[in-house]
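In: Got a predicted model here, sequence first, then my questions.
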Amino acid sequence: MSKKKAFALRLDESMMKSLEKWAADEFRSTNGQLEWIIRESLKKAGRLPKGSPEDTDEPE
């Protein structure tokens, strides 16, 4: 498994509430939802290294 790096992220209150609701609807933590959103965006943009574990179309 790859090493994870922590960083601070500032969101306005309404965006955070929306994110938390979306995460709960998908049965993910808020952090997990953010990772999923970013991973999907990177895949869509073709920014992930080919063959990386994140570059699969496998459902989580």
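Out: Yep, that arrived. Numbering: from 1, shown residues only.

In: from the middle of its chain, how far away would the helix ranked longest in the chain be?
Out: What stands out as the longest helix in the chain, according to DSSP state H, is helix 30-44. Helix 30-44 sits 2 Å away from the centroid of its parent chain (CA atoms, centre = their mean, to the nearest Å).

In: Would you mark the buried spots in it?
Out: By neighbour count on 16 or more other CB atoms under 10 Å, the buried set for helix 30-44 is Q33. C-beta: built from backbone N, CA, C; applies to glycine.

In: Alpha carbons only: can I get it in PDB?
Out: The C-alpha coordinates for helix 30-44 follow below in PDB (Å, rounded to 0.1, in the frame of the first residue of the first chain):
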ATOM      1  CA  THR A  30     -15.500  12.200   4.700                       C
ATOM      2  CA  ASN A  31     -11.800  11.600   4.100                       C
ATOM      3  CA  GLY A  32     -12.500   8.500   2.100                       C
ATOM      4  CA  GLN A  33     -15.000  10.400   0.000                       C
ATOM      5  CA  LEU A  34     -12.500  13.100  -0.800                       C
ATOM      6  CA  GLU A  35      -9.900  10.500  -1.800                       C
ATOM      7  CA  TRP A  36     -12.500   8.900  -4.100                       C
ATOM      8  CA  ILE A  37     -13.500  12.200  -5.700                       C
ATOM      9  CA  ILE A  38      -9.800  13.100  -6.300                       C
ATOM     10  CA  ARG A  39      -8.900   9.600  -7.600                       C
ATOM     11  CA  GLU A  40     -11.900   9.600 -10.000                       C
ATOM     12  CA  SER A  41     -11.000  13.100 -11.300                       C
ATOM     13  CA  LEU A  42      -7.400  12.100 -11.800                       C
ATOM     14  CA  LYS A  43      -8.400   9.000 -13.700                       C
ATOM     15  CA  LYS A  44     -10.800  11.000 -15.900                       C
END
